[in-house]
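Chemist: 3D model of this:
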Amino acid sequence: MNKTIFISACILGLLAVVFGAFGAHGLKELVAAKSVSSFETGVRYQMYHVFLLFVLGLLPNIAMRIKRIVYYLVISGVVLFSFSIYLLAINSLLDFNFKIIAFITPIGGALLIGAWGVLGYHIYKKKDSDIV
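Modeler: Numbers count the residues shown, from 1 in each chain. I've put the predicted structure just below:
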């Protein structure tokens, strides 16, 4: 499971850098400043959760069941939150109206919050000597 977590973190990190570069250099000429700002928010939250995945993979005394739950919450949350923001930000460039998927952005955010909550709860329940 740890290898899967690390590989996923690397892929999401790579994509965050690519999307960040696109947002900083290519997108500014194509969409409104508000859309660029939203796009950058998606990139920022994606990268924050890359770091969470790396920490998750490095924590030795967290049960695999908990790691799996947090992992799936993070992956699902990033896809629903960040990727929906990317599509909404470039909505004016595409034929499809992505505003109809705007409701999934807060669902993704809730999944990300859930990941932090589950991990935090299980760390809280452990003895200090059992955390790392």
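Chemist: sketch out the low-pLDDT regions of the protein for me.
Modeler: 129-132 (pLDDT under 70).
Chemist: tell me the centre residue of it?
Modeler: By CA atoms, centre = their mean, the chain has its centre lying nearest to Val78, at 3.0 Å.
Chemist: so it: helix, strand or coil?
Modeler: Following DSSP: H, G, I helix; E, B strand; the rest coil, the label given to Val78 is helix.
Chemist: which ones are touching it?
Modeler: With contact set as CB atoms under 8 Å, 6 or more residues apart in numbering, Val78 has these partners: 12, 45-46, 49, 108, 112. (Each C-beta comes from the backbone N, C-alpha and C, glycine too.)
Chemist: now render these as CSV, adding neighbour count.
Modeler: What follows is these, written out as CSV (neighbours: other CB atoms under 10 Å):
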residue, neighbour count
Leu12, 20
Tyr45, 19
Gln46, 24
His49, 25
Gly108, 21
Leu112, 22
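Chemist: now the two most distant members of these.
Modeler: Leu12 and Gly108 (13.3 Å; CB to CB).
Chemist: tell me where the chain has helices.
Modeler: All helices of the chain, identified by DSSP state H, fall at 2-21, 33-58, 64-89, 104-125.
Chemist: tell me the buried residues in the last one?
Modeler: Think helix 104-125. Of the residues in helix 104-125, 104-105, 108-109, 111-112, 114-115, 119, 122 count as buried by neighbour count, 16 or more other CB atoms under 10 Å.
Chemist: which one of those residues is nearest to Thr4?
Modeler: Nearest to Thr4 among the buried residues of helix 104-125, with distances taken as CB to CB, is Ala115, at 15.3 Å.
Chemist: number of residues surrounding Val55?
Modeler: 13 (other CB atoms under 10 Å).
Chemist: ok, it - contacts?
Modeler: By CB under 8 Å, 6+ apart, Val55 has no neighbours at all.
Chemist: distance of it from Tyr71?
Modeler: 12 Å (CB to CB, to the nearest Å).
Chemist: I am finished for the moment; much appreciated.
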